[in-house]
Structure formats: structure tokens, C-alpha cells
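>>> model this:
(one chain, ligands or ions: 1)
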Amino acid sequence: MAHLRRLFLTTELLERQNLGFWLARVGLVMTEFDSDQDRVTQLRDQIAAHNEAYHGRDEPTVPDAVYDRLLRELAEIEARHPDLVTPESPTQSVGSAPNEIFSPVEHKIPMMSLDNAMDMEELQSWYERALKGIHDADSCQFVCELKFDGLAVSIRYENGELVQAATRGNGRVGEDVTHNVLTIEDIPHQIKNAPEVLEVRGEVYLPISRFEALNEEQLAKGEPVFANPRNTAAGSLRQKDPTVTASRKLAFWSYQIGEVLGGPQMASSEETFELLQSLGLPVNPEVTEFSEFSDVQKFCEFWKSKRHEPDYEIDGVVVKLADLAQRETLGSTSRAPRWAIAFKFPPEEKITRLVNINVSIGRTGRATPFAVLEPVFVGGSTVGMATLHNEDQVATKDVRPGDMVVVRKAGDVIPEVVGPIVADRSVNSKPWAFPKVCPSCGLALERLEGDANTYCVNRSCPARVETGISHFASRNAMDIEGLGERTVRGLVAQGMADDVGDLFALTKPQLIELLVSDSSNETLVNNLMSAIDAARERPLANVLIGLGIEHLGPSAAELIARRFGNLDAIAEAETGDIEAIDGIGPVIAQSVTDFFADDHNKSVVEKFRLYGVRLDITDGEADVPQLLVGRSIVVTGSLDGWFLSRDEAKRSIIARGGKSPGSVSKSTYALVVGNDAGQSKMDRASELGIPIVGEKELRHLLEKGQLP
Ligand code: IVH
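I've put the predicted structure just below:
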């Protein structure tokens, strides 16, 4: 069954590294993946917008047949590239945004995270710290548990009846998934002799054998396969329809008790597990207690070497103090208990063949080498490509096409080529040489002295133009729906667009020629024409973002747009005037003036003017009440499914006169946390007593200028 788990995740990972656009036009494999990734993103955006209109506002924007076609296309691409499947994909959970399906559940006792020990030394220091913090260190017992790679849930029983189940969410507030948890066979609906209230915590997971069987079923049905057991478990638990969750056959390990009312007072981990077991909750058979720390270390080493033995994925060992009174003494930080530590298994390394080294060209012309690998399953996904960053990196590692190489990946981390296995190298192999010419336009590549990067300096290079247009059309910039990678490539190849300015001169006959093979399909063209039309009215900050000025992010774009009010004023501004804006540094300011000093860029702006793109801020935008002046609001985590994305949230704060820096300090007014938010920011906020808030409070802040 191994082939089912053979995925091609790297495009997504590279995307996260902000390298997504450079992947275009670089050999068959890359081209195909990149366009699919882009198309998937675009389809998901479109489907989400239609869902919002249909479920959220009860105003469908497209006929059902169109909606179905989008969904089918997405499912087809996902079937070809399982790596592109995410739990949030509409193919995994059809319907409105998840936060509309699942109501929030506040955890009375926060669901904490765990601190990690990345090696034995770190585990040893945790042990020494822990011993210092307790009085009766001699009698210290440890309980070792496997660290299951699933999702933490909290299950609440009242008078023996399962009444509520919730995900961990951000630790304070999770999602109500009661109906779905009720379908998990391992979890009893009723428990006998139970206390009045008992909150059981543990991990929902998908057994590996079940994951593989599921994918076989998916293949047989011609439906997309799932990426990995963890994502599948997460997606399955967040289904709108519990019968779908039931069909996935999730499982559960209990490992902790949260709130208890009217129940026995437990003194140790052993008693806790005994209680859980007696109530019929599944307890993992590998849980073991030790009194000698050297035995704890042996247990960790043992499972490190046997990590693939169980029928469920594990990514470490959790070591906890066994005595609950000692736990109490040690207490917790805002994020994690001091009485427990997760010994994480080291990043997995695998050996595979490096098939080739290709170079991709990004929007700025930067030429980035990357390894094309024989796909290898490592660290939870299959890796088929890995960035090699720049010429010097390739030289330092001395990796060559044909080499067997070590590939490493830890959890979510970007895959990396560690180095070649020199002993296996053929005698004829030669060091790889950076290409002299651009793989896209064929003109000479340039590397300036003192710069690690190599560039294609041809402004008309098709790869550069394409990535520039794709960026311009992306959601956070001009948001031109329907302008997918394939269309962009066609536009450039046919000479219909030499730069982003030309998009606004496209005519219907041109688009028909490009897009319509079957004359009944003019809707596509009409939709694209309207999307381009709508983009003429985007706010000035979006135009600035779309232009792709180096170093200029959404927050800075918003500040500059508000300060100058129109594009001409920005183009004419001196570096000093831009730098004078609070929140804009010299690098951004210089980059903006350099950009507008360039003749080619000037001509793009001229095209905008000529073709009716609005280049100023409207009264409506300018008149946004300045409710947040003097307030600094940090936004962290993913706001997927919220009313605003993170970038939009930051821009909305700035538009109201507030600030939205990247880190928490004494002067922060509030920390807005989305899903999977960075713990360090939450820790800092708690230390400084700064309110940590969610979506509801963000809405209130934007409307009223202060926290509720
Ligand atoms: S104890 C406050 N035990 O790891 C204690 N967690 O990195 C936190 N996890 O959110 C939970 N196996 O999802 C505990 N045996 C185990 C675990 C475990 C997996 C997960 C859990 C938690 C995350 C923290």
C-alpha cells in the first residue's frame, strides 16, 4: 500500500516559504505541479466565496451546475495530487466556513501544549529542573506515554452521559464536535459509576491500517486520496455530516482528566489511568511507569527506533511526573506544564536519488536551484522536490545530478537535501554548474559580486512576467478570480500580456481565442472579463501590493496608500517622505522610490491610467473612522474561516489608524489569535498581562475601537 502514501507535498511547502511563484515554467514536472497548486488555491477561494454567499448570506452567486463543476475540478486535481489535499479543502468538508458549522466551546481548564526536548540532553535538563522544583525528589516516579500524532479533544460526561466534545482550538476555545465524536466507536456514550462531571482528554487519531484502507476505497471510487493520517483525522472530525465521520472509523486514546465534580480525588497517573480504563475509555497499552530516569531514557530510545511499529503515528514520547501533587507543585507556564515534556523524535532522514537540479525563475528574476528527487516518503509526506537556495549552497553541499542524497524533514518543516552519499557516486560524476542562461527566456543569467543570488535580468522573460501576473491577480493583491496559471501562461505565450498593465486591455475576442475550445463555454470568458473589470476598482493598497515592490508587505502598503492618497503622489515621493511614515523603514522606502524611478514600471502605471484602473483612495476608504489611533494590535495564527484573513485583519487595523506589528510588547493593546497561533506570542502576552482575544473581539475592535 506504500504507493498510496506517495505524495508530492513539496510544492505546498515551497509555497509556504514564499517560493511558490518561482516554480513556474521550469521543466515538465514543476510546471504541472505549480499550475495545479495555483488552480487548487483559486478553486478553493472561489468555492469558499460561493459557500459564503450560499450558506452565510443565503444569496447564491452561481447556478448549482457551476458550483458542482468547480468542486469536481478540485476533486480531480486532488485525486492526481493527494499532497494538495488539506483538511480544510471543500472536498473534505463541504459547506460554509467551519466556524459557522461548529460553535465555540470554552475550555474551563485551558488545554495546554507541551514543551519539547529535541534530544537526550534537553530531556536531561528538564529532569534536573523538575527535580529542583519538588521537595520529595527521591520518591519521584515518571510515567512515559507515546506522543500520538492526532488531535487533542476534550470529552465531557455529565452524570455518566457524553454531553459535549470539543477540539483544542487555540487552547482556550475549541470547536464543538460532539456529533462527530459520538460516531467514534472507542468512545463510550455512557459511563457507569461516573462522577457528576468528568472531562476526559485525549487524542483522536486514524489508525494507519484504516488510513490505507480508506485510500483504497477512495481510489476505487475515483475520489481524491488523503494526504496522511493526521490530516485525515482532523478533516474527518470537522465534517458537517456525522455519517461521513463515522465512515472514517477514527479511534481514541485517553490520557488525561480535565474538570471533575463529585468524583474520586486521584493522587497519581496510575489512578487516573485505572479510572479511565474502568469507565471503558481506551488507554494506550504502552503507558509505563519508571522510578529511574535512566529507564525513562531507555524507553525514549526504544520508541525512537520502533516509531513505525504501532498502527498509529507517533512523533515522540511524553514524559510526565506520575504524582499529581508533585505536578501541582511544579505548575505550568502560560503555555505548557512544567511537569511534563515531549521527547521529540529527531527529523527523519531518508536516502533517495537526486534526479536533476533545475532552476526556477521568480517574479524578481531570481534564479533558484532546486533538487528534483525520486519521490521518497519522509517525515509524514512524500517529497519530490527540495529547494537548494542558491549557487553557493549547491557548491557547499556538492550535490550532483544522479547522486544518492540524504533528505530530511521534520513534521511541517521544509524538506532539505542534507548532502550526497559520496561513496555511492559514479566515477564520471562532475560538480553541477549553475546554468549560464535562463531556462525560460534563454538570455544570460547574472550574479553580482557580493550577492548570493543569480538573476535573469530580462524584464520580458516569460517566467518573470507570468509569476508577476499571477502575483498581481492573487487574492491579497488584485483578486482577479479565474486568472489561473494556465490562462496566464497562455496570455504571455500569445503575446497578449507583456506586463500586468496589459490585463486591463484584454478584449473578449482575445479571451475567447485563448480559452474557448467549445463555443458553449463563453461563461468562463464573461466571468474573467467581469473579474478584471472589478479589479479596476480595488483599493490603492491592493494596487501597490499587486505591483510586487520588493519588501513591501500589506501593512506597509496600507500605510503608504493612506499617507499619500494616490499613486502619482507615491511615485513622485522622495525616499525621506516615505520613510517619515511611522512604521516604514528605510529599506521599504528606498525600494518604493527605486521601483517608481524605473521606466518600465512607469509604463505599467501609465497603462493602468489609460485602461481605467483607479489609482487613488476613495472618500469611503479615506473616511474610515480612526477608531484605533494609538492602539497596537498584534495578529497571530491562521485566520482561515474568519471574516478576514490575517493580512486583511492587519490592514483593517491600520486603516483605522492603529498599528499591527509582528511582535508583542508592553505597548500592545491586544493579541488576536487564530488557529495554531504561535505560542511564544501568547506566552509574552500572558507575561505582560495583555488580553488574548479571538474573532468576536476583533470584530468589536474594528467596529468600536476597543475591546468589549
Ligand atoms: S498530555 C498539558 N499526552 O501533544 C498536557 N499530550 O504538544 C498536554 N499529545 O495537544 C497533553 N500524545 O494533542 C499528552 N500522551 C500524550 C499525548 C499528547 C499526544 C498531543 C496533544 C497535545 C500535544 C502537545
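>>> can you tell me the residue of the stretch 301-450 of the chain closest to the ligand?
Using CB to the nearest ligand atom, the single residue of the stretch 301-450 of the chain nearest to the ligand is Val318, 4.2 Å away. Where C-beta positions appear, they are placed from N, C-alpha and C, glycine not excepted.
>>> can you tell me the SS state at that residue?
What DSSP: H, G, I helix; E, B strand; the rest coil gives for Val318 is strand.
>>> wait, isn't it in contact with Trp339?
No - when contacts are counted by CB atoms under 8 Å, Val318 is not listed as touching Trp339 (11.0 Å).
>>> quick check: phi and psi on Lys240?
Main-chain torsions, Lys240, degrees, to the nearest 10: phi -70, psi -40.
>>> for it, the count of nearby residues, please.
For Lys240, the count of nearby residues is 17 (other CB atoms under 10 Å).
>>> could you look up the SS state of whichever residue of the stretch 151-300 of the chain sits closest to the ligand?
Using CB to the nearest ligand atom, the single residue of the stretch 151-300 of the chain nearest to the ligand is Ala152, 3.2 Å away. For Ala152, the assignment made with three-state DSSP gives strand.
>>> model confidence for it, exactly?
On the pLDDT scale, Ala152 is placed at 95.
>>> could you number the chain from 29 rather than 1 from now on?
From this message on, residue numbering opens at 29, which makes the last subject Ala180.
>>> which ones are touching the nearest residue to it once chain neighbours are set aside?
Closest residue in space to Ala180, ignoring its immediate chain neighbours: Arg196 at 4.2 Å, by CB to CB, 6 or more residues apart in numbering. Listed by CB atoms under 8 Å, 6 or more residues apart in numbering, the contact set of Arg196 reads His135, Met139, Leu179, Ala180, Val181, Ser182, Gly202.
>>> one more time with 7 Å
Met139, Ala180, Gly202 (CB atoms under 7 Å, 6 or more residues apart in numbering).
>>> neighbour-wise, which one of those leads?
Gly202 (23 neighbours).
>>> now do the same contact list for that residue.
For Gly202, the contact set (CB under 7 Å, 6+ apart) comprises Val133, His135, Ser182, Ala194, Thr195, Arg196.
>>> repeat that for Pro252.
Ala103, Glu106, Ala107, Pro110, Val113, Thr119, Gln246.
>>> I'd say the fourth one and Val253 touch.
Put plainly, it is Pro110. Yes - in this structure, Pro110 is within contact of Val253 by CB atoms under 7 Å, at 4.3 Å.
>>> contact residues of the stretch 79-228 of the chain facing the ligand?
Proximity of the stretch 79-228 of the chain to the ligand (CB under 6 Å from any ligand atom) is limited to residues Met140, Ser141, Leu142, Glu173, Lys175, Phe176, Ala180, Arg196.
>>> of all pairs in the residues you listed, which one spans the longest distance?
Greatest spatial distance among these (CB to CB): Glu173 and Arg196, at 17.0 Å.
>>> circling back to that earlier point, Val346 and Trp367 - which one has more neighbours?
Neighbours per residue, other CB under 10 Å: of Val346 and Trp367, the larger number sits with Trp367, 22 against 18.
>>> right, and the more buried one touches Leu349 too?
Yes - the criterion here is CB under 7 Å, and Trp367 meets it with Leu349 at 4.4 Å.
>>> any common contacting residues for the two?
In contact with both Trp367 and Leu349: Ala158, Arg355, Leu358, using CB under 7 Å, 6+ apart.
>>> mind putting those into TSV with secondary structure and distance to Gly496?
Formatted as TSV, the shared contacts of Trp367 and Leu349 follow (DSSP: H, G, I helix; E, B strand; the rest coil; distance: CB to CB, whole Å):
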residue	secondary structure	distance to Gly496
Ala158	helix	54
Arg355	helix	56
Leu358	helix	55
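>>> poorly predicted segments of the stretch 29-178 of the chain, please.
Applying pLDDT under 70 to the stretch 29-178 of the chain flags residues 29-63, 79-97, 115-116, 119-128.
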